[in-house]
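> What shape does this take:
(3 chains)
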Amino acid sequence: MKENKFEIIYEVVKLIPRGRATSYGAIAEYLGTKGGARLVGWAMNALMKNHEVPAHRVVNRNGVLSGKNAFATPTTMQELLESEGIEIFDDKIVNFKEVFWSPSKELL
DNA sequence: AGACTGACTGGGA
DNA sequence: GTCCCAGCCAGTC
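Okay, here's the model as predicted:
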């Protein structure tokens, strides 16, 4: 299954602090696969079954909830983020810059 | 095996 | 600032 990479992604996503959010590129960079940003998204797709992982904290570089459609409902992701204190407007994080969490920098 | 697609990103126009 | 093109890895047809 080669889910080894996905496993790392799960670990990183689960390590995301509450009220924070990160981008696919940040995780990809932490994994060492720069262009693997899509891979992260693909991993999230497989992560769907792993509801133990807060995938709602993972958004694209623009801070847009691009993967909201992967959740139970397109509004689930927004509801979860708002529930954690993150402000969402038009399916995108308002203060994304403030809630942005870099794994390779803050995690260390 | 070859080609297309996808929760993406970066650089150039 | 926005729009378009090319690159990346993994999975599916």
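
> A:Ile88 bridge partners, please.
Going by DSSP bridges, A:Ile88 is paired in beta bridges with A:Ile93.

> can you map out the helices along chain A?
Along chain A, counting by DSSP state H, helices occupy A:4-14, A:24-31, A:37-47, A:76-83, A:96-99.

> Which one of the ones you listed lies nearest to A:Lys105?
helix A:24-31 (8.6 Å; Cβ to Cβ). Every residue, glycine included, has its C-beta placed from N, CA and C.

> Any chance you could list what contacts the closest one?
Helix A:24-31 is contacted from outside by A:5, A:8-9, A:12-13, A:34-41, A:58-61, A:100-104, A:107, using Cβ atoms under 8 Å, 6 or more residues apart in numbering.

> So it, near DNA strand B or not?
Yes - using Cβ under 7 Å from any atom of the strand, helix A:24-31 reaches DNA strand B at A:24-25, A:28.

> Tell me the buried residues in that helix?
Buried residues in helix A:24-31, defined by neighbour count with 16 or more other Cβ atoms under 10 Å: A:24, A:26-31.

> Now do the contacts for A:Met77.
By Cβ under 8 Å, 6+ apart, the contact set of A:Met77 is A:55-56, A:65, A:67-68, A:71.

> actually A:Gln78, not the one I wrote
A:65, A:68, A:88, A:91 are the contacts of A:Gln78 under Cβ under 8 Å, 6+ apart.

> beta partners for the most centrally placed residue in chain A?
Nearest residue to the geometric centre of chain A (Cα atoms, centre = their mean): A:Val58, 1.2 Å. Beta bridges link A:Val58 to A:Thr22, judged by DSSP bridges.

> How many residues are close by the residue of chain A found nearest DNA strand B?
For chain A and DNA strand B, the shortest gap (Cβ to the nearest atom of the strand) falls at A:Gly67, measuring 1.8 Å. The number of residues packed near A:Gly67 is 20, by other Cβ atoms under 10 Å.
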